[in-house]
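J.: Quick one: sequence and predicted model below, then my questions.
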Amino acid sequence: MSKRTAIWTAVKAVLLLAVVGLLYLVLRRIGFRSILEAISGADRRAIAAAALLQLAVFMLWCLRWLQVMRPENRPGFFPALPIYMAGVFVNTITPGARVGGEPVRAYYMSKALGGEKTAYLGTIIADKVGYAAVFMGFVIVSVFFVVGFVPIGLVYKVVFGGAVAFILLAVVSGLLLRHHIGQRSRLLGRLLPAIYNGRLLKLLRRRFPTYEHFEQYVIAKVDNLLSPLSRAATSPKALAKIVTISAASWLGVCLAHKLLFAGLGVEIAFSKVVVIVTIATFLGDISASPGGAGFMEAAMIALCAAFGVEYQAAAAVTLIGRGIFYVCGLGVGGTCLAVLAAMYGRTRQETSDAEPSDALPERPLEKG
């Protein structure tokens, strides 16, 4: 492990401990006994319904992923579901915005169905981008609602407004980057020769005897990654399915929390639940803790209090909701990952001893 990696790992560990410590202080201030009493008094039928709804949401996410694939390459729903849930498990234990499960899904899709991992990874990225676009729409609307109608401090309103500006900047930057990456891209035309001829990357010149070999290989991989995104974006039917399923699944997550509030006897409008869950989830996604643990819970309790929900009920709903997510994500997802690992082997970086010419794509491509 390099010194930089070790330092970054230590920083993330310290941040995780700090966030978990903050959550502990919040729960302690509310009172552990009062929180446990609120949880024990919750309607068990509401908790069961919320858990079933969370499982249904995972199924909708898997169904949305399948819509990105070409019909002739699309597997059945039930063969794909365990692979999707294995990715959910890895995303849950990965710090940041839940991105570690995508290579795992691509690996096992390749093992189960054959084909290149980058092609499957492209469908996963396209699915994630589509969902992120819909989710960011919820985030922006929720932030404007909080800034305009919730009595919070000016500092928090500025932070939320800055978050919206950051989101818009990221989206615009992503669109510009996508516009400049392609087979005839000037960006790739300048970047690839610099990579191939770099002094520190002599290994590339061993595997690819000429720059043309390297260029065709990279362009094929980039095309595998980006073509599903372009196909989904230019197909009104596929785009409508992705947006509809994404919106329905997120509303399902919020409905599960609405059921938990009802199970505790808390009357709160569904629109407010959507705002609370959306912003808390977004803050958890951008945190450094695995699955947003600690940070998301503290944010959700604070947002519930801002909407007038009692602290005990807010903490109870938050802990029950997160417990359901972790049971489904870690329990079901971990089981699926263990079964897939037993069937196909563990994920690993596969190195090839093939000749440089074997690295070429199956079909010829034009030079960028």
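T.: Arrived safely. Numbers count the residues shown, from 1 in each chain.
J.: remind me, longest helix of the protein?
T.: Ordering each helix of the chain by length in residues (DSSP state H) puts helix 117-149 first.
J.: Now do the buried residues in it.
T.: Of the residues in helix 117-149, 117-140, 142-143, 145-147 count as buried by neighbour count, 16 or more other CB atoms under 10 Å. For the C-beta atoms, the positions are set from N, CA and C on the backbone; glycine is no exception.
J.: What's the local residue count around the nearest residue in space to A298 that is not next to it in sequence?
T.: Of all residues not flanking A298 in the chain, L23 sits nearest, at 4.9 Å (CB to CB, 6 or more residues apart in numbering). Residues near L23, counting by other CB atoms under 10 Å, number 22.
J.: what's the helix or strand harbouring L23 packed up against?
T.: Following DSSP states H and E, the helix or strand that holds L23 is helix 3-30. Judged by 3 or more CB pairs under 8 Å, 6 or more residues apart in numbering; DSSP states H and E, the packing partners of helix 3-30 are helix 295-306, helix 311-326.
J.: buried sites along it?
T.: 15-16, 19-20, 23, 26-27, 30.
J.: Check the secondary structure at G115 for me.
T.: When classified by DSSP: H, G, I helix; E, B strand; the rest coil, G115 comes out as coil.
J.: Same question for G308.
T.: Secondary structure, three-state DSSP: G308 is coil.
J.: Against I276, how distant is it?
T.: G308 is 11 Å from I276, where distance means CB to CB, to the nearest Å.
J.: For these two, indicate the residue with more neighbours.
T.: Per other CB under 10 Å, whichever of G308 and I276 has more neighbours is I276, with 28 against 12.
J.: Touching, the more buried one and F307? I think so.
T.: Yes. When contacts are counted by CB atoms under 8 Å, I276 is listed as touching F307 (6.6 Å).
J.: hey, which helix or strand in this protein has the poorest pLDDT?
T.: Within the chain, no helix or strand scores below helix 211-234, which has a mean of 53 by mean pLDDT, DSSP states H and E.
J.: That one: what's the following helix or strand?
T.: Next along from helix 211-234, by DSSP H and E: helix 236-263.
J.: what angle do that next one and helix 295-306 make?
T.: Angle, helix 236-263 to helix 295-306, by axes from the mean of the first three to the mean of the last three CA atoms, to 10 degrees: 60 degrees.
J.: other SSEs contacting helix 236-263?
T.: The contact analysis (3+ CB pairs under 8 Å, 6+ apart) places helix 236-263 against helix 44-68, helix 117-149, helix 211-234, helix 270-285, helix 311-326.
J.: Looking at the buried residues of helix 3-30, spot the one nearest A56.
T.: The shortest gap between A56 and any of the buried residues of helix 3-30 belongs to L23, at 28.0 Å (CB to CB).
J.: for the closest one, what are its contacts?
T.: By CB atoms under 8 Å, 6 or more residues apart in numbering, the contact list for L23 reads 294-295, 297-298.
J.: ok, now how distant is it from A315?
T.: Distance from L23 to A315, counting by CB to CB: 10 Å.
J.: just I279 next, same as before
T.: 17 Å.
J.: Compare those two and say which is more crowded by neighbours.
T.: Legend: neighbour count by other CB under 10 Å for I279 and A315, higher for A315 (28 against 23).
J.: how near is the more buried one to L239?
T.: Taken as CB to CB, the span from A315 to L239 is 39 Å.
J.: Check L337 too.
T.: Distance from L337 to L239, counting by CB to CB: 31 Å.
J.: Of the two, which one has the most company?
T.: Legend: neighbour count by other CB under 10 Å for L337 and L239, higher for L337 (24 against 16).
J.: which residues sit in contact with the more buried one?
T.: Taking CB under 8 Å, 6+ apart, we find L337 in contact with 85-86, 89-90, 104.
J.: Output these in TSV; the columns should cover pLDDT.
T.: As requested, the contacts of L337 are arranged in TSV below (pLDDT from 0 to 100):
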residue	pLDDT
M85	94
A86	93
F89	91
V90	89
V104	89
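J.: Which single one of those is nearest to S246?
T.: Once CB to CB is applied, the member of these that ends up nearest S246 is M85, at 18.0 Å.
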